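Peer 1: kindly generate the corresponding structure for this input.
(2 chains)
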2 protein chains.
Amino acid sequence: MTNEYPSQLLERAINEFSKLPGIGKKTAMRLALHLLRQEESTVAAFTGAINQMKSEVRYCKACHNISDSDLCPICANQNRDHGTICVVETVRDVMAIEQTLQYHGVYHVLGGVISPMDGIGPNDLQIASLVERVHREEVQEVVLALSSTMEGDTTNFYIFRKIASANIKISALARGISVGDELQYADEITLGRSIINRTAFDGRAV
Amino acid sequence: MTNEYPSQLLERAINEFSKLPGIGKKTAMRLALHLLRQEESTVAAFTGAINQMKSEVRYCKACHNISDSDLCPICANQNRDHGTICVVETVRDVMAIEQTLQYHGVYHVLGGVISPMDGIGPNDLQIASLVERVHREEVQEVVLALSSTMEGDTTNFYIFRKIASANIKISALARGISVGDELQYADEITLGRSIINRTAFDGRAV
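Peer 2: Predicted structure coming up:
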C-alpha cells in the first residue's frame, strides 16, 4: 500500500475536514465522500456560504456580537432595554441566553475569559470597551454571565473592580441546582451555594 | 426573539453544515463559528480543497474507484494481481480492504447494492461493466465482498448468475466470529456459519 487514498484531491479535502474541531479522519472521509456524491451546485452552495460568511460577516460596534451590519439586531432593536448589559464570553452564549426568552437587555461579548495559562490577558478581551460603555451610556445594570470556572470568576472580579466606581448595579447569574436535577447527584459546592442563595418560595412551581 | 441567529450569513453557513450527514444544528454552529475565528487563508484552503475535489476528481475507467487520472493507482499498478477482481459497494470499502494489507488483486466498485426498496436495480450499478471485464480480461477469480445483508446477498447472487458462465473461480468473504469477540455475544447465525465453515487449525494463533 503506497497511499491510503486513491486520490490526492480526496485526501486534501479529507485533511481539511479533519482540521475542524471534533471531526476525526473517519468522519472527515464520510463528509468528503458525501459531498463528492452531491450535485455540483450543492457543493458550490456549501463552500459559497462559508466563504461569504468569512468575508462579509462583521462585528457589532457596540457589543462585538456577530452581525451583518454595523449594529447587531439586538443593539439596533429599540425595544430592548439598553440600560442593562449582559457580559458574556462568546457569540454562542448570546444565542443561548436569547433562546431562554428571559432576557430583554443588550449584550457585551468579551471574546473569552482571562486565562494566564492560555496567554489571554485583559487586553486580549473586549473589557476596555465595556468599561467605556458603562461610563458613557446610561447603564443601570451589568449582568456578569461568564462560565462558572476559575477563569470566569477571575474575569468577573477583574470587571467588577473596573466598573465598581460607576455606581451601577452589578449582578451575576444565579448558581444552583439545575432544573430537573436530583439533589443526590449535585456536587456539594453547587448544593451549598443553592442553600446559601435560597430564594423565597411563593407556592408556585418554577 | 425575532431570529435565532444574529447574522444571516452565519445562519446560511450553519444551515449548509447541518445538511451534512451526522451533523446537527449544534455541531454545525460550532463548526461555522470555528471557521469564522480562523484566518481568511485557512478558510480559503478548506473551501478550495472541497471545490477542487468536486470539480476535478475522476473515476477509474476500469474499476470505478475515485482517481486523479483515467486509471486509479491500484489499476495502474502492474505489481497488483490483475487476474483477481474484488467486487465492493463503495470507495470506502476499497480503502478498508487496502488497509488490511491482505489483498493484492484489483477492485470493481459497484456503487451500491441492488435494493428494490430504495429503487436501486442492477442497471443503476456498475454490474454490466463487471461482466464485460470478466469476459474480456484474463480474470481467474472474482471475490464478492459485499455487505452481509439481504441486499448484499441478492446482489452477490445476481452477479454470480451473470458471470458463472465465464468458468472462473467465484469466492465470497468468510463469515464468522470477529477477531477478539467472545462467543457468547456472537449471534447464532454467525456462530452457526462459523461452525459449518470451520478452518483447519495448524497450531498457530491467528
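
Peer 1: rest of the way, CA atoms for contacts and neighbours
Peer 2: Noted.

Peer 1: quick check: buried residues in stretch A:61-77?
Peer 2: Buried residues in stretch A:61-77, counted by 16 or more other Cα atoms under 10 Å in any protein chain shown: A:A62, A:C63, A:H64, A:N65, A:I66, A:S67, A:D68, A:L71, A:C72, A:P73, A:I74, A:C75.

Peer 1: which ones among those residues are found in helices?
Peer 2: A:P73, A:I74, A:C75 (DSSP state H).

Peer 1: out of the buried residues of stretch A:61-77, who's near chain B?
Peer 2: When Cα under 8 Å from any Cα of the partner chain is applied, the members of the buried residues of stretch A:61-77 adjacent to chain B are A:N65, A:I66, A:S67, A:D68, A:C72, A:P73, A:I74.

Peer 1: let's have those in TSV, adding distance to B:G24.
Peer 2: Output for these, formatted as TSV (distance: Cα to Cα, whole Å):
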residue	distance to B:G24
A:N65	23
A:I66	21
A:S67	23
A:D68	24
A:C72	25
A:P73	25
A:I74	26
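
Peer 1: I'd like those residues as CSV, with pLDDT appended.
Peer 2: Listed next are those as CSV, based on pLDDT from 0 to 100:
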residue, pLDDT
A:N65, 95
A:I66, 93
A:S67, 93
A:D68, 92
A:C72, 94
A:P73, 93
A:I74, 95
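
Peer 1: report the two of these separated the most.
Peer 2: Pairwise distances across those (Cα to Cα) peak at 11.8 Å, for the pair A:D68 and A:I74.

Peer 1: can you pull the residues that touch both of these two?
Peer 2: Taking Cα atoms under 8 Å, 6 or more residues apart in numbering or on different chains as the contact rule, A:D68 and A:I74 both touch B:P6.

Peer 1: middle-most residue in chain A, spatially?
Peer 2: By Cα atoms, centre = their mean, the mean C-alpha position of chain A lies nearest to A:T90, the distance being 2.5 Å.

Peer 1: which residues in chain A form strands?
Peer 2: Residue ranges of the strands in chain A, as given by DSSP state E, are A:58-59, A:66-67, A:81-88, A:105-109, A:141-144, A:169-172.

Peer 1: to A:M117, which of those strands lies closest?
Peer 2: Ranking these by distance to A:M117, with Cα to Cα as the measure, places strand A:81-88 first at 20.1 Å.

Peer 1: give me the distance from the closest one to the chain's centre.
Peer 2: Distance of strand A:81-88 from the chain centroid (Cα atoms, centre = their mean, to the nearest Å) equals 15 Å.

Peer 1: can you check stretch A:12-28 too?
Peer 2: Once both centres are worked out by Cα atoms, centre = their mean, stretch A:12-28 turns out to sit 24 Å from its chain's centre.

Peer 1: could you do stretch A:166-176 as well?
Peer 2: That offset, for stretch A:166-176, works out to 19 Å (Cα atoms, centre = their mean).

Peer 1: residues touching it, excluding its own?
Peer 2: Residues outside stretch A:166-176 that contact it (Cα under 8 Å, 6+ apart): A:134-135, A:139-145, A:160, A:164, A:190-191, A:193-194.

Peer 1: buried set for it?
Peer 2: Quick answer for stretch A:166-176 (16+ other Cα under 10 Å): A:I170, A:G176.

Peer 1: mean confidence score for the longest helix along chain A?
Peer 2: Identified as the longest helix of chain A according to DSSP H is helix A:40-56. Mean pLDDT, helix A:40-56: 96.

Peer 1: angle of it against helix B:40-56?
Peer 2: Following axes from the mean of the first three to the mean of the last three Cα atoms, to 10 degrees, one obtains 170 degrees for the angle between helix A:40-56 and helix B:40-56.

Peer 1: now do stretch A:147-157: distance to the chain's middle.
Peer 2: Taking Cα atoms, centre = their mean, one finds the center of stretch A:147-157 at 14 Å from the center of the full chain.

Peer 1: could you list the alpha-carbon positions for it in CSV?
Peer 2: Taking Å, rounded to 0.1, in the frame of the first residue of the first chain, the C-alpha atoms of stretch A:147-157 are listed here in CSV:
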residue,chain,number,x,y,z
SER,A,147,-18.6,30.5,32.9
SER,A,148,-18.6,29.2,36.4
THR,A,149,-14.9,28.4,36.3
MET,A,150,-11.8,29.8,37.9
GLU,A,151,-11.1,31.8,34.8
GLY,A,152,-14.7,33.1,34.6
ASP,A,153,-14.6,34.1,38.3
THR,A,154,-11.3,35.9,37.8
THR,A,155,-12.7,37.8,34.9
ASN,A,156,-15.8,38.6,36.8
PHE,A,157,-13.7,40.0,39.6
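
Peer 1: now that stretch: buried residues?
Peer 2: By neighbour count on 16+ other Cα under 10 Å, the buried set for stretch A:147-157 is A:S147, A:E151, A:G152, A:D153, A:T155, A:N156.

Peer 1: biggest separation within the contacts of stretch A:166-176, which pair?
Peer 2: Distances among these were taken as Cα to Cα; the most separated pair is A:H135 and A:L191, at 36.5 Å.

Peer 1: how about A:S69, what does it touch?
Peer 2: Residues in contact with A:S69 (Cα under 8 Å, 6+ apart) are A:R58, A:Y59, A:C60.

Peer 1: compare the residues you listed and tell me which has the most neighbours.
Peer 2: Taking other Cα atoms under 10 Å in any protein chain shown as the neighbour criterion, A:C60 ranks highest of the contacts of A:S69 with 22 neighbours.

Peer 1: pretty sure that one is touching A:V91, no?
Peer 2: No. Taking Cα atoms under 8 Å as the definition, A:C60 is not a contact partner of A:V91, at 11.0 Å.
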